[in-house]
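Q: show me the folded form of this:
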Amino acid sequence: MQDPQLSEPFRLEALYGADTFSRQMMQKRLPKQVYRSLLKTIDHGEPLDPQVADIVAATMKDWAVERGATHYTHWFQPLTGSTAEKHDSLVSPDGQGGVIYNFSGVDLVQGEPDASSFPSGGLRATFEARGYTAWDPTSPAFLLRNGGAATLCIPTAFVSWNGEALDTKIPLLRSMEALSRQAMRILKLFGGDTNVSRVVTTVGPEQEYFLVDKELFYRRPDLVTCERTLFGARPPKGQQLEDHYFGAIPPRVLAFMSEVEEELYRVGVPLKTRHNEVAPGQYEIAPLFETAHIANDHQMLLMETLRRVADRHGLKALLHEKPFAGVNGSGKHNNWSMSTDTGVNLLDPQDETHGNTQFLLFLCAVVRAVDLHADLLRACIASAGNDHRLGANEAPPAIISIFLGEMLSDILDQVEKGIPKRTIRGGTLDLGARTLPQIPRDSGDRNRTSPFAFTGNKFEFRAVGSTHSVAWPNTVLNTIVAESIDVIATELEKKVGANPTPAKLQTAALAVLKQLVKNHKRVCFNGDGYADDWHKEAAKRGLPNLVDSVSAFPVLKSKKTVDLFKKYGVLSKAEVDSRFHITVEKWVKQLTIEGETMATIARTMILPAAIRHQTLLANAVCATEGAGVECTDTVESLENFAQLVATSRRALLGLEGELMHESDDSLKHAEQIKAKLIPAMVALRGSCDALELYTAADLWPLPTYRELLFLQ
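A: Numbers count the residues shown, from 1 in each chain. Now for the predicted structure:
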């Protein structure tokens, strides 16, 4: 009899991609000519041949129906930050009392959802309802299974009737094209592989999240409404013992993780890592690298799957950046690189890095981009949730800097002084025990306080929030790097002329590199990003320090930002303006919802519980003194507690007053919330959290941090 443990990997192998209309499935089912035509679009970015749509649609329909699908949907990502879907039946009456499965090329290529009810930032008025979804053939269709139903999901772009992008996918794809065009100019100068037709950006986004018991979740109105606790005193034990990180995964959580992985394997999401994170109740899941837009599609699927599967296990998955005060929050580390369509990573330094001029040019293009557009990188990850996290112990500071490590920093120093002649080696580590191997050591350390760190053959943008779609940060990153590569390529082409020789190119490249290092090395920092000395040093270097979202928002509508996106065909001015308005309005709405939720909980739950406790204390005082027994300590406790109740009541009145302020100007409203509402929320939380510490446990109306973080 076969060991069931040995059969498990084979079962997962058979499961992987089973519900994905993958390349292998297309090759198996499509006519050769149709398959080859479709590959030209998928692999080389060539326009889709309309004639293949009907054949692909019929084949996709047959494949989906065989697997139990009854409906299809154009699955898209509007500017809400989540996904959207409208299900249409694959079944139609046949006119003879029966039904027929029907799905045409038109159904596949284009849909028409209502565009008026999604955020548009002024691009669409309520009465302007027409919008279109357009099939993205480069992202595989998949089956979404839920509650016994199977739906064919077709990844699509979402555009308005006038052609303006209403989603996150279109700008991301445009930015990838912009970067590819510029990167190909560098590759053309250096010769090399003539089979390269384009450059793609690759992304591997790590996802952090919390799990809480579902019953406890529904007893916390703040978690239900805001996905973060608006009240909660710190428990005696949090994360200070550092015993949760990489610890043994609890059985209930491991069962949840296993089901999540199975669902994601089925739709072709390539997962790599699962583990306990730093805070109690916090975990991480990480995929392998994929092309940026597919990585984004899969990341959105991953978040939906975490939430859906958690519910089946009596849990709730919290993706908010800071669900609990006093312990680490959650991020989404965005690992980003550039590769040719033949599979060569352009950010791989290789062994003799000092002599790899092409790599150094692409590296310095990123350094230049981050230096010149640090404010835009900070603004693109601005959100209400991330404001609680950036700069705290688990997240990088709001000052955007680059960590390069010892080896690359040394090479750039050599470049600035002349010709680089050496590459620092990491060597090996002797662990001092004969039974342990000598292990290779990297040439540089890692830096978790850096918001933008080079980590071997990629950059890790650590400041992205855990609820964010990675589409917008990568759109920004692709565009600013495309601009820098454009500048570098233009300068090189000017220096080497029409007939470049290797020697001439090398001389020109070193001259360009030297100037790049000199002009932009200020953004490079290998030290402690949390240190006060760095903040002072960053100010001397002229690096922006946008400490919160309200400070960062104006960058999104600046002339520099508008001109950048317009120049590279990523976003029009109207599309940039729409993103600014949507981002600010979402921040305002989230804070307003939090404030109103906080006031309701304090008014209807916390203060009534506190008054009951105060009444018990008062009755105890009366009964004790009536019996002729002195109770000075109890009287003092009553007085102190009554003072806390009074303080909380005044803080509640103050918060309610601030919630009455409104403004037609969303940015001014955001500034008022920052200056007045948030301090009022902090004051109310402080007094109510103090009440929690002194109110009888059987009277306190909310599950405590001890229960939420440790009962799993």
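Q: which secondary structure elements does the helix or strand hosting residue 574 contact?
A: Residue 574 is part of helix 573-601, with elements assigned from DSSP states H and E. Where contact means 3 or more Cβ pairs under 8 Å, 6 or more residues apart in numbering; DSSP states H and E, helix 573-601 is packed against helix 221-226, helix 559-567, helix 632-658, helix 666-672, helix 678-694. The way it works is simple: take the backbone N, C-alpha and C, and place the C-beta from them, glycine included.
Q: can you give me the buried ones in that helix?
A: 575-588, 590-592, 594-595, 597-599, 601 (16 or more other Cβ atoms under 10 Å).
Q: ok so, going back, can I get the helices and strands packed on helix 573-601 in TSV with distance to residue 462 and mean neighbour count?
A: Formatted as TSV, the helices and strands packed on helix 573-601 follow (distance: least, Cβ to Cβ, whole Å; neighbours: other Cβ atoms under 10 Å):
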stretch	distance to residue 462	mean neighbour count
helix 221-226	24	18
helix 559-567	22	16
helix 632-658	33	16
helix 666-672	25	18
helix 678-694	25	19
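Q: okay, residue 115: pLDDT?
A: On pLDDT, residue 115 comes in at 69.
Q: same question for residue 240.
A: Residue 240 is given a pLDDT of 76.
Q: helix, strand, or coil at it?
A: With DSSP: H, G, I helix; E, B strand; the rest coil as the basis, residue 240 sits in coil.
Q: distance of it from residue 404?
A: Going from residue 240 to residue 404 by Cβ to Cβ, to the nearest Å gives 32 Å.
Q: counting neighbours, go ahead and name the busier of those two.
A: Neighbours around residue 240 and residue 404, counted as other Cβ atoms under 10 Å, are more numerous at residue 404. The numbers are 25 against 9.
Q: can you pull the contacts of the spatially most central residue of the chain?
A: Centroid-nearest residue in the chain: residue 468, 3.8 Å away (criterion: Cα atoms, centre = their mean). Applying Cβ atoms under 8 Å, 6 or more residues apart in numbering, we find residue 468 in contact with 81, 332, 381, 383, 386.
Q: buried members of those into PyMOL, please.
A: In PyMOL, this line selects whichever of the contacts of residue 468 come out buried by 16+ other Cβ under 10 Å:
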select buried, resi 81+332+381+383+386
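Q: what's the closest of the contacts of residue 468 to residue 419?
A: residue 381 (38.1 Å; Cβ to Cβ).
Q: now do the contacts for that closest one.
A: Shown in contact with residue 381 (Cβ under 8 Å, 6+ apart): 463-465, 468, 473.
Q: was I right to think residue 228 contacts residue 387?
A: No - with contacts counted by Cβ atoms under 8 Å, residue 228 stays clear of residue 387, the gap being 11.5 Å.
Q: still on that earlier bit, strands - which of the contacts of residue 381 land there?
A: Taking DSSP state E, every one of the contacts of residue 381 sits outside strands.
Q: a markdown table for those residues, including distance to residue 506 and pLDDT?
A: Shown next, in a markdown table, are these (distance: Cβ to Cβ, whole Å; pLDDT from 0 to 100):
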| residue | distance to residue 506 | pLDDT |
| --- | --- | --- |
| 463 | 36 | 91 |
| 464 | 37 | 95 |
| 465 | 42 | 94 |
| 468 | 41 | 94 |
| 473 | 35 | 97 |
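Q: out of those residues, which sit inside helices?
A: residue 473 (DSSP state H).
Q: got a ChimeraX select line for the buried ones in the contacts of residue 381?
A: Buried residues among these (16+ other Cβ under 10 Å), as a ChimeraX selection:
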select :463,464,465,468,473
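Q: relative to helix 573-601, how tilted is the longest strand seen in the chain?
A: If you go by DSSP E, the chain has its longest strand at strand 149-160. For strand 149-160 against helix 573-601, the angle by axes from the mean of the first three to the mean of the last three Cα atoms, to 10 degrees is 130 degrees.
Q: buried ones in the helix or strand following strand 149-160, by neighbour count?
A: The first helix or strand that comes after strand 149-160 along the chain, using DSSP H and E, is helix 169-190. Buried residues in helix 169-190, defined by neighbour count with 16+ other Cβ under 10 Å: 169-184, 186-187, 189.
Q: stretch 607-619 now?
A: In stretch 607-619, counting by 16+ other Cβ under 10 Å, buried: 607, 609-610, 613-614, 617.
Q: can you check stretch 107-121 too?
A: Per 16+ other Cβ under 10 Å, stretch 107-121 contains these buried residues: 107-109, 111, 113, 115, 118-121.
Q: and if you look at stretch 342-356?
A: 345-349, 353-356.
Q: over to stretch 413-426?
A: Here stretch 413-426 shows 414-415, 420, 423-424 as buried, counting by 16+ other Cβ under 10 Å.
Q: neighbouring contacts of stretch 610-624?
A: With Cβ under 8 Å, 6+ apart, stretch 610-624 has contacts from 631, 634-635, 637-638, 641-642, 644-645, 648, 691, 694-696, 699.
Q: helices or strands next to the longest strand of the chain in the packing?
A: Looks like strand 149-160 contacts helix 53-66, strand 71-75, strand 131-135, strand 142-146, helix 169-190 (3+ Cβ pairs under 8 Å, 6+ apart).
Q: need the CA coordinates for the second one. PDB is fine.
A: What follows is strand 71-75, C-alpha atoms only, in PDB (Å, rounded to 0.1, in the frame of the first residue of the first chain):
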ATOM      1  CA  HIS A  71     -21.500  31.100 -16.100                       C
ATOM      2  CA  TYR A  72     -18.700  33.400 -17.300                       C
ATOM      3  CA  THR A  73     -17.600  36.800 -16.200                       C
ATOM      4  CA  HIS A  74     -15.200  39.500 -17.400                       C
ATOM      5  CA  TRP A  75     -13.000  39.700 -14.300                       C
END
